[in-house]
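Engineer: pasting a predicted model and its sequence here:
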Amino acid sequence: MNIFITGAAGFLGSHLCDLFIREGHSVIGMDNFITGNPDNLAHLAGNPAFTFYKHDVSNYIFVPQKIDAVLHFASPASPNPKSPSGYFNLPIQTMKAGALGTHNTLGLAKAHKARYLLASTSEIYGDPTEHPQKESYCGNVDTIGTRAVYDEAKRFAEALTMAYYRTHNVDTRIVRIFNTYGPRMDLMDGRALPNFLKQALCGKSLTVYGDGMQTRSFCYVDDLIDGIYRLLLSDEHYPVNIGNADEMTILDFARTIQSITENKVEISFLKNDRSERDPQRRQPDITRAREILDWEPKINLKEGLLKTIPYFRTKLELA
């Protein structure tokens, strides 16, 4: 197939480029580098199976090549208010990527009679009152809070995708992505894993907000990409959660990082500012992924961290 991927220079987009090329497909990547990193695609330079366009998906997209599948992964995704590439500092661009970008990529898929896959997120569930979160759960969301630019952009994108499926018979799929980590992750992402790894590898105290009893589940990038690939090749049109169902508290996660990195500095606790409505519990129900895609994660947390740490060490040495 000839695969078109937006956000190709991002953490997930670049891994998807690699997977499709590895599987014998050709890839057309698109990114405007607002949040994507050109280094993530440097190894594909000169590869005849890879073509790249620098372009903003919020603007009309024209691709002369025949396209068999469109994957829309372009969007700021970092919740770090201090990151210049996070959605707190790029609110309009985030909304545009979710709204105009989804509209443009759906139009592209329609024109090429291509299958379409939207990258959605667990953030559409908001600060959930249902646990674990099933795809049928409609969420507990704040539509006007500072996080809403990302959450609502993705919720709108899902609605538009389903509208194109129902109205224009576009062959759509929706993946709801839960916390994912691995090489090429943005060190300034702002979530627990990059924060803790940076602190531990630099021999600093890991900073835990509140009492650390808030929970997350962590999926290694190779597992996630495999799930997305299976979803694209499936006939499923409704949203599917892809993530690791092994839930753990942030405090236990910090202790795990301490142990693996052999960092001896004690964990410190900071006041938890709830003004940004950071979800307190996050765990996917992956029953549908198991039943529909015959998929579940294979790489445990320790193994995944050992695969990720060398990348972080290299980046920290270059910083």
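Structural biologist: Noted; the coordinates are in hand. Residues are numbered from 1 along each chain as shown.
Engineer: could you list the low-pLDDT ranges of the chain?
Structural biologist: Within the chain, the stretches with pLDDT under 70 are 273-277, 318-319.
Engineer: which residue ranges of this structure form helices?
Structural biologist: Ranges of helices in the chain, per DSSP state H, are 11-22, 91-112, 148-168, 192-201, 221-233, 250-261, 287-293, 301-318.
Engineer: now distance to Leu71 too, for these, in TSV please.
Structural biologist: Every residue, glycine included, has its C-beta placed from N, CA and C. Converted to TSV, the helices of the chain look like this (distance: least, CB to CB, whole Å):
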stretch	distance to Leu71
helix 11-22	6
helix 91-112	8
helix 148-168	12
helix 192-201	24
helix 221-233	7
helix 250-261	30
helix 287-293	16
helix 301-318	23
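Engineer: need those helices in a markdown table (columns: mean neighbour count).
Structural biologist: Output for the helices of the chain, formatted as a markdown table (neighbours: other CB atoms under 10 Å):
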| stretch | mean neighbour count |
| --- | --- |
| helix 11-22 | 22 |
| helix 91-112 | 21 |
| helix 148-168 | 19 |
| helix 192-201 | 21 |
| helix 221-233 | 20 |
| helix 250-261 | 18 |
| helix 287-293 | 16 |
| helix 301-318 | 15 |
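Engineer: among these, which is nearest Pro79?
Structural biologist: When those are compared by CB to CB, helix 148-168 sits nearest Pro79, at 7.5 Å.
Engineer: now do that closest one: which elements does it pack against?
Structural biologist: In terms of contacts (3 or more CB pairs under 8 Å, 6 or more residues apart in numbering; DSSP states H and E), helix 148-168 is packed against helix 91-112, strand 115-121, strand 172-177.
Engineer: circling back: among the helices of the chain, which is nearest Gly139?
Structural biologist: Gly139 lies closest to helix 148-168 among the helices of the chain, at 7.9 Å (CB to CB).
Engineer: can I get that closest one in PDB? Just the C-alpha atoms.
Structural biologist: Only the C-alpha atoms of helix 148-168 are listed here, as PDB (Å, rounded to 0.1, in the frame of the first residue of the first chain):
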ATOM      1  CA  ALA A 148      -9.900  21.500  26.600                       C
ATOM      2  CA  VAL A 149      -8.100  22.600  23.500                       C
ATOM      3  CA  TYR A 150      -6.600  19.100  23.100                       C
ATOM      4  CA  ASP A 151      -9.500  17.100  24.600                       C
ATOM      5  CA  GLU A 152     -12.200  18.800  22.600                       C
ATOM      6  CA  ALA A 153     -10.200  18.900  19.400                       C
ATOM      7  CA  LYS A 154     -10.000  15.100  19.600                       C
ATOM      8  CA  ARG A 155     -13.700  14.700  20.500                       C
ATOM      9  CA  PHE A 156     -14.600  16.900  17.500                       C
ATOM     10  CA  ALA A 157     -12.300  14.900  15.300                       C
ATOM     11  CA  GLU A 158     -14.000  11.600  16.400                       C
ATOM     12  CA  ALA A 159     -17.400  13.100  15.600                       C
ATOM     13  CA  LEU A 160     -16.300  14.300  12.200                       C
ATOM     14  CA  THR A 161     -14.700  11.000  11.400                       C
ATOM     15  CA  MET A 162     -17.900   9.200  12.200                       C
ATOM     16  CA  ALA A 163     -19.900  11.700  10.100                       C
ATOM     17  CA  TYR A 164     -17.700  11.000   7.100                       C
ATOM     18  CA  TYR A 165     -18.100   7.200   7.700                       C
ATOM     19  CA  ARG A 166     -21.900   7.500   7.900                       C
ATOM     20  CA  THR A 167     -22.500  10.200   5.200                       C
ATOM     21  CA  HIS A 168     -19.700   9.500   2.600                       C
END
